[in-house]
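Student: okay, here's the prediction I keep looking at, along with the sequence it came from:
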Amino acid sequence: MTVLSVRGLGVRIGRREIVRDISFDVAREQTMGIVGESGSGKSMTVLAATGLLDAPGAVVSGTCTLADIQLVGASQRVLRSVHGGRIGFVFQDPGTSLNPLLTLERQITESLEAHRGMTRRQARGRALELLGAVGLPDPSTRLENYPHQLSGGQRQRVMIAIALACDPELLVADEPTTSLDVTTQAQIIELVRDLQRDFGTAVVWISHDLGVIGEVADDVTVLQDGTMVEQAPVLDVFDRPQHAYTRQLLESRPLIGGSGPAPASADAPVQLRVDGLDVRFNVSTPVGKSSVHAVKDLSFAIRRGTTLGLVGESGSGKSTVANALTGLVHPHAGTASLDGDDVFGVRGAEEKALRRRISLVFQDPFSSLNSRIKVGLSVAEPLVVHKLARGRRARRARVAELLDLVGLPGEFASRYPHELSGGQRQRVSIARALAGEPELLILDESTASLDVSVQARVLDLLAELQRELHLTYLFIGHDLAVIQRVSHDVLVMRAGAAVEYRAAAELFAAPEQEYTRELLAAIPPARPRTGVPRPSR
């Protein structure tokens, strides 16, 4: 039985045609995967089809039928009766989708009271069932929690519980695992499969990663620049892609088993050495103050011109290590040296000089760049702080050199961050980090939020910069396929402690620890294992 039928869908804003002639069907217990890069029209297509598009001046053409209801052009009263009741939505960032001022109970029970007419007591009982169904531990206690008290994976589970609260006919999942680590991503995918089997829900899953689509979808629609370039069963897309763009998406995916960087010189000197790093935070809890042991007795070394991949799930302590090395947090114990110079004990002018030698590139370039100033001023700021280029003319020339170094035209200096794509913003962040001429570059999940094709280009850029400038990298990530591609050595962390620390080639050939094997197993394979089996009821 067809649940959602889209025919000839188009979206125009002003004179610009954003989406053109999109058609697809989703049946009960079926998953349609919609894939493409940022700007391809994936989310716009689904928002327009389900009546959620609220862009000024947008004109939607075509038809979209949910069982017996025409959604394109429907009144607000009809859409309100459908959204949350017959269609559930799970968006990419649960941190912004959930209301920070309401408890989980209130956010789950709201739709049950509105669409199912339940009493507060009945809705609370249903909320407990839903939190148990999505695998949230201790549901009765969690009902009183606020979103900030949960991890990213737990918040996404709550979003799924809210989306499924009224047993919807259709679930729309818009990049629901993009910001999650690979093990949590695998758990969310399995959770949606189980719930789809139990409730018979039709699913539209939007993603930029064909690896994820291969794990969840029965059929795939590939979009490029608002146009449908390919539509086929998932195994046909992987085994016999018909369009060059589909082949590009497949080739861009990081896969376990690929080649890593060329071996480094065996006599390369150690540039950064960390011994016994220990970081603790004091936090307030409902029962009083407590201490979080974020990093526990961690030791490692990075040779000059090489990359150490630091990998682990969210909460493993990876970013805390980066923050300690850059002076953003103060360690409880341990030592660190850069070419023999103390990292943790310096103050004043020595600390300022050290901060020039160690640069940090964050995960989200849109929030790490100042949205109010132009790209040229952002890149030039380290030049001013460290007095590396005197005079406006010298700074402009150096900014142009840095932008050229990361593959951007010089005229980008006059643009604001919102005028750039995600990959371009990350290149600006790298140019800014290189402005101080650092010896060590720390990349904290710097490609995690990028499209796979953009991620591949940024990784190639980093490899080229390392060869040309003899840079040393500490590359932090949660995806072992990306870590393998860039790293000479790998350090696996869990709950603040080192689990496995070896040369990359050795670790990927024969991981010794079960946790490392779990991380490897959670990565989507090069080809769907058998296609996604249709659930049986």
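Tutor: That came through, no problem.

Student: and the strands in the stretch 201-350 of the chain?
Tutor: For the stretch 201-350 of the chain, the strands defined by DSSP state E, counting those that start in this stretch occupy 202-207, 219-224, 227-233, 270-285, 288-303, 307-311, 333-338, 341-342.

Student: elements contacting the fifth one?
Tutor: Counting contacts by 3 or more Cβ pairs under 8 Å, 6 or more residues apart in numbering; DSSP states H and E, strand 288-303 is packed against strand 270-285, helix 318-325, strand 472-477, strand 489-494, strand 497-503. Every C-beta, even on glycine, is put in place using the N, C-alpha and C of the backbone.

Student: before we move on, what's the pLDDT of residue 379?
Tutor: On the pLDDT scale, residue 379 is placed at 92.

Student: give me the below-cutoff pLDDT ranges for this structure.
Tutor: In the predicted model of the chain, residues 152, 179, 258, 284-288, 529-537 satisfy pLDDT under 70.

Student: hmm, try it at 50
Tutor: By pLDDT under 50, the low-scoring segments of the chain are 532-537.

Student: need the winner for burial among the helices and strands packed on strand 288-303.
Tutor: Most buried of the helices and strands packed on strand 288-303, by mean neighbour count (mean count of other Cβ atoms under 10 Å): strand 472-477, with a mean of 25.

Student: now for the next helix-or-strand element following it, which elements pack on it?
Tutor: Next helix or strand after strand 472-477 toward the C-terminus (DSSP states H and E): helix 480-486. On a contact count with 3+ Cβ pairs under 8 Å, 6+ apart, helix 480-486 meets strand 307-311, helix 452-469, strand 472-477, helix 504-509.

Student: so can I have a markdown table of the ones you listed showing distance to residue 128?
Tutor: As requested, the helices and strands packed on helix 480-486 are arranged in a markdown table below (distance: least, Cβ to Cβ, whole Å):
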| stretch | distance to residue 128 |
| --- | --- |
| strand 307-311 | 36 |
| helix 452-469 | 38 |
| strand 472-477 | 36 |
| helix 504-509 | 42 |
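
Student: got a list of what residue 436 touches?
Tutor: 355, 356, 357, 359, 382, 383, 386, 388 (Cβ atoms under 8 Å, 6 or more residues apart in numbering).

Student: check those and tell me the two furthest apart.
Tutor: Greatest spatial distance in the contacts of residue 436: 357 and 383, 15.2 Å, computed using Cβ to Cβ.

Student: buried residues of whichever strand or helix holds residue 5, list them for me.
Tutor: In the assignment (DSSP H and E), residue 5 maps to strand 2-13. Residues of strand 2-13 classed as buried: 3, 4, 5, 6, 9, 10, 11 (neighbour count, 16 or more other Cβ atoms under 10 Å).

Student: what does stretch 357-374 give?
Tutor: 357, 358, 359, 360, 361, 362, 363, 364, 365, 368, 369, 374.

Student: again with stretch 378-386
Tutor: With burial defined by 16+ other Cβ under 10 Å, the residues of stretch 378-386 counted as buried are 378, 379, 380, 381, 382, 383.

Student: please compute how far that stretch lies from its chain's middle.
Tutor: The chain centroid and the centroid of stretch 378-386 are separated by 29 Å, computed with Cα atoms, centre = their mean, to the nearest Å.

Student: backbone phi and psi for the residue lying farthest from the centre of the chain, please?
Tutor: Here the centre of the chain is the reference, and by Cα atoms, centre = their mean the most remote residue is residue 391, at 39.3 Å. Phi and psi for residue 391, reported as degrees, to the nearest 10, are phi 90, psi 150.

Student: next: the one 10 residues further on.
Tutor: In terms of degrees, to the nearest 10, the main-chain angles of residue 401 are phi -60, psi -40.

Student: report how many residues lie close to it.
Tutor: 15 (other Cβ atoms under 10 Å).

Student: and for residue 120?
Tutor: Neighbours of residue 120 using other Cβ under 10 Å come to 11.

Student: so it touches residue 109, yeah?
Tutor: Yes. Contact criterion Cβ atoms under 8 Å: residue 120 and residue 109 qualify, at 6.8 Å.

Student: phi, psi of residue 188?
Tutor: According to degrees, to the nearest 10, residue 188 has phi -70, psi -40.

Student: need the nearest residue in space to it, chain neighbours excluded.
Tutor: In space, and not counting its chain neighbours, residue 188 is closest to residue 177: 5.3 Å by Cβ to Cβ, 6 or more residues apart in numbering.

Student: what's the answer for residue 153, then?
Tutor: Once flanking residues are discounted, residue 153 sits nearest to residue 184: 3.7 Å by Cβ to Cβ, 6+ apart.

Student: Provide a list of residues in contact with that neighbour.
Tutor: Contacts for residue 184 (Cβ under 8 Å, 6+ apart) come out as 152, 153, 156, 177, 313, 314.

Student: need these in JSON lines (columns: distance to residue 130 and neighbour count).
Tutor: As requested, the contacts of residue 184 are exported to JSON lines (distance: Cβ to Cβ, whole Å; neighbours: other Cβ atoms under 10 Å):
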{"residue": "152", "distance to residue 130": "19", "neighbour count": "16"}
{"residue": "153", "distance to residue 130": "16", "neighbour count": "22"}
{"residue": "156", "distance to residue 130": "14", "neighbour count": "30"}
{"residue": "177", "distance to residue 130": "19", "neighbour count": "25"}
{"residue": "313", "distance to residue 130": "24", "neighbour count": "21"}
{"residue": "314", "distance to residue 130": "23", "neighbour count": "16"}
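
Student: can you tell me which of the residues you listed is nearest residue 164?
Tutor: Distances from residue 164 to those, taken by Cβ to Cβ, are shortest for residue 156, at 12.7 Å.

Student: need the contact partners of the host helix or strand of that closest one.
Tutor: Per DSSP H and E, residue 156 falls inside helix 152-163. Helix 152-163 is touched from outside by 88-91, 94-95, 97-98, 104, 107-108, 111, 127, 130-131, 133-136, 147, 150, 171, 176-177, 179-181, 184, 187-188, 191-192, 195, 314, with contacts defined as Cβ under 8 Å, 6+ apart.

Student: so which of the residues you listed are in strands?
Tutor: Using DSSP state E, the subset of the contacts of helix 152-163 located in strands is 88, 89, 90, 171.

Student: sitting in helices, which of the buried residues of stretch 378-386 do you find?
Tutor: Per DSSP state H, helices hold the following members of the buried residues of stretch 378-386: 378, 379, 380, 381, 382, 383.

Student: just send these back as CSV, with distance to residue 299 too.
Tutor: Output for those, formatted as CSV (distance: Cβ to Cβ, whole Å):
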residue, distance to residue 299
378, 35
379, 35
380, 37
381, 34
382, 30
383, 35
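
Student: show me which pair in those residues is furthest apart.
Tutor: 378 and 383 (10.9 Å).

Student: torsion angles phi and psi at residue 34?
Tutor: Dihedral angles for residue 34 - degrees, to the nearest 10 - are phi -110, psi 120.

Student: what's near enough to touch it?
Tutor: 24, 42, 45, 46, 204, 205, 206, 207, 220, 221, 223.

Student: nearest to residue 264, of those?
Tutor: residue 207 (34.9 Å).

Student: JSON lines for the helices and strands packed on strand 288-303, including distance to residue 35?
Tutor: Converted to JSON lines, the helices and strands packed on strand 288-303 look like this (distance: least, Cβ to Cβ, whole Å):
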{"stretch": "strand 270-285", "distance to residue 35": "39"}
{"stretch": "helix 318-325", "distance to residue 35": "28"}
{"stretch": "strand 472-477", "distance to residue 35": "22"}
{"stretch": "strand 489-494", "distance to residue 35": "29"}
{"stretch": "strand 497-503", "distance to residue 35": "33"}
